[in-house]
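J.: Okay, sequence plus prediction incoming.
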Amino acid sequence: MLLEKINRDYIEAKKKRDTLRESVLNLLKSNIKYKEIDAKGKGKTLEDNDIIDIIRQEIKKRRESIELYKQGGRLELAEKEAEELKILQGYLPEELSEDKIRVIINRIAESTGASSLKDLGNVMKETMKELRGKAEGGLIRKIVEEVLREKEGT
């Protein structure tokens, strides 16, 4: 479904001669196609969550590029990357707030019997199953660590 939207938007960008959007979506489609081929080789198919992961990787690349361009004094290139970043972010689902993530992590920590940072792996595994595509992995890890530290202290 997400891939269909990307394809429709790509065709629309081509028709409107929106070269920036066309370029970003073309690269995204290329990365998705590469992952599809890889997945088919393993007997799997790409789902929306897989496509969201690809988009997140592209967003991460853009953020890193923006920082590097700013450090190098190349503000015009940083601005172009920021525009590309906005286009990509439009394809992500709305992310959960930190409070909602914390509630879910607390529930998972309780259900797994987690009581310390030693249980980080188990809690992360279960949390990522539930929150994949709904929040960034780095944020989830940070909150899981905070929750487990709180449990250690009690």
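T.: Yes, it's here. Everything numeric in this text was worked out from a predicted model, so none of it was measured. Numbers count the residues shown, from 1 in each chain.
J.: Secondary structure element holding residue 95?
T.: Secondary structure assigned from DSSP states H and E places residue 95 in neither a helix nor a strand.
J.: Report pLDDT for it.
T.: The model reports residue 95 with a pLDDT of 80.
J.: residues near it, how many?
T.: 15 (other Cβ atoms under 10 Å). For the C-beta atoms, the positions are set from N, CA and C on the backbone; glycine is no exception.
J.: Could you do the one 5 residues further on as well?
T.: Taking other Cβ under 10 Å as the neighbour definition, residue 100 ends up with a count of 13.
J.: what does residue 17 give?
T.: Neighbour count for residue 17, taken as other Cβ under 10 Å: 8.
J.: isn't residue 91 right up against residue 53?
T.: No: contact criterion Cβ atoms under 8 Å: residue 91 and residue 53 do not qualify, at 11.8 Å.
J.: So for these two, which residue has more residues nearby?
T.: residue 91 (19 against 16).
J.: Against residue 4, how distant is the more buried one?
T.: 12 Å (Cβ to Cβ, to the nearest Å).
J.: likewise residue 104?
T.: With Cβ to Cβ as the criterion, residue 104 and residue 4 are 29 Å apart.
J.: Show me which of the two is the more surrounded one.
T.: Taking neighbours as other Cβ under 10 Å, residue 104 and residue 4 compare with residue 104 leading, 19 against 8.
J.: pretty sure that one is touching residue 130, no?
T.: Yes: using Cβ under 8 Å, residue 104 makes contact with residue 130 at a distance of 6.3 Å.
J.: got the contact list for the residue most central in space within the chain?
T.: Nearest to the mean C-alpha position of the chain, by Cα atoms, centre = their mean, lies residue 56 at 3.1 Å. Contacts for residue 56 (Cβ atoms under 8 Å, 6 or more residues apart in numbering) come out as 92, 136.
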